[in-house]
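# Structure for the following, please:
(one chain, ligands or ions: 1)
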Amino acid sequence: MKFFVDTAEIDDIKELNDLGMVDGVTTNPSLILKSGRDILEVTKEICGIVSGPVSAEVVALEADEMIAEGRKLAEIADNIAVKLPLTWDGLKACKVLSGEGKMVNVTLCFSANQALLAAKAGATFISPFIGRLDDINLDGMDLIEDIRTIYDNYGFETNILAASIRTVGHVQDCARIGADVMTAPPEVIRKLASHPLTDKGLEQFMKDWAKTGQKIL
Ligand code: E4P
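The predicted model follows:
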């Protein structure tokens with residue numbers, strides 16, 4: 001499973017990318033707001049750091065304007081994936097932009113039927129939002145499972161990009177089900193390394209090592 005990092009914070013992207021933990025980046029208008037940066041400038045900087053797909057989201061609501069914004073965003077770099085909302089207009093824009101050979105990430109997906117439409121419109125990525133479904137007492141992971149089954153039934157090549165990931169459990173479940181990609185905030189990716197038994201074991205090793213009185217360097 002590929003790892004995308006869901007942020008527009010340059011320091012986090014650099015740190016995780018240097019570790020080989022970043023196969024791509026996703027941003028959205030809320031993350032751009034949080035960064036305090038200009039969308040074109042920060043997206044260009046991210047594309048200079050990460051070689052994989054970098055999702056940049058349009059903000060128009062009508063297809064023609066979405067297409068124009070998508071074309072402008074795609075000019076930033078070759079690795080831009082134009083992010084479009086899963087609306088009827090978004091699907092129209094997806095069909096046109098994917099037809100031009102641009103990568104398209106269809107976002108704000110909350111049902112398997114929506115994912116089916118995005119695949120038929122030629123999306124490169126579909127972004128089902130797990131955490132936001134969990135927030136309203138639905139199981140976001142059921143959606144990932146349903147989309148996986150439907151895409152496999154018909155051989156759709158659209159990549160399932162599990163989004164709105166909030167916990168390390170979400171990451172593990174996505175990998176088990178077979179999501180192609182997951183995008184998570186930097187803090188969730190870092191937490192994947194943690195285990196209480198690792199901390200406990202290390203503490204004991206350090207105590208015993210101190211008793212040996214030895215040094216390696
Ligand atoms: C993905 O592309 C979205 O930007 C993101 O995962 C949304 O996550 P949230 O529901 O935690 O805001």
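
# Low-confidence ranges, this protein, go.
Along the chain, no part satisfies pLDDT under 70.

# any chance you could map the strands in it?
Here the chain has its strands, by DSSP state E, at 2-6, 24-26, 54-57, 80-85, 103-109, 125-128, 159-162, 181-184.

# Would you mind giving those as CSV with mean neighbour count and distance to residue 69 added?
All C-beta atoms are positioned from the backbone trio N, CA, C, and that covers glycine. Shown next, in CSV, are those (neighbours: other Cβ atoms under 10 Å; distance: least, Cβ to Cβ, whole Å):
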stretch, mean neighbour count, distance to residue 69
strand 2-6, 22, 21
strand 24-26, 26, 17
strand 54-57, 28, 9
strand 80-85, 26, 8
strand 103-109, 26, 12
strand 125-128, 28, 18
strand 159-162, 26, 20
strand 181-184, 26, 21
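
# As CSV, the ones you listed with distance to the ligand would be great.
Listed next are the strands of the chain as CSV, based on distance: least, Cβ to the nearest ligand atom, whole Å:
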stretch, distance to the ligand
strand 2-6, 5
strand 24-26, 4
strand 54-57, 6
strand 80-85, 7
strand 103-109, 5
strand 125-128, 5
strand 159-162, 7
strand 181-184, 5
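
# so residue 178 touches residue 149, yeah?
No: checked against Cβ atoms under 8 Å, the pair residue 178 and residue 149 is beyond contact range at 9.8 Å.

# Contacts only, for the nearest residue to residue 22 once chain neighbours are set aside.
On the basis of Cβ to Cβ, 6 or more residues apart in numbering, the spatially nearest residue to residue 22 that is not a chain neighbour turns out to be residue 16, at 4.8 Å. Residues in contact with residue 16 (Cβ atoms under 8 Å, 6 or more residues apart in numbering) are 5, 22, 186, 189.

# pretty sure the last one contacts residue 21?
Yes: in terms of Cβ under 8 Å, residue 189 counts as a neighbour of residue 21; the distance is 5.9 Å.

# what's the longest helix in the protein?
helix 196-212 (DSSP state H).

# Which parts of the protein are helices?
10-18, 29-35, 39-49, 63-74, 88-99, 112-120, 130-135, 140-154, 168-177, 186-191, 196-212.

# can the ones you listed go into TSV with extra columns for distance to residue 162?
Putting the helices of the chain into TSV (distance: least, Cβ to Cβ, whole Å) gives the following:
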stretch	distance to residue 162
helix 10-18	17
helix 29-35	17
helix 39-49	20
helix 63-74	23
helix 88-99	19
helix 112-120	11
helix 130-135	6
helix 140-154	6
helix 168-177	4
helix 186-191	12
helix 196-212	25
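
# Output these in CSV, with distance to the ligand appended to each entry.
Listed next are these as CSV, based on distance: least, Cβ to the nearest ligand atom, whole Å:
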stretch, distance to the ligand
helix 10-18, 14
helix 29-35, 6
helix 39-49, 13
helix 63-74, 14
helix 88-99, 14
helix 112-120, 13
helix 130-135, 5
helix 140-154, 10
helix 168-177, 10
helix 186-191, 10
helix 196-212, 25
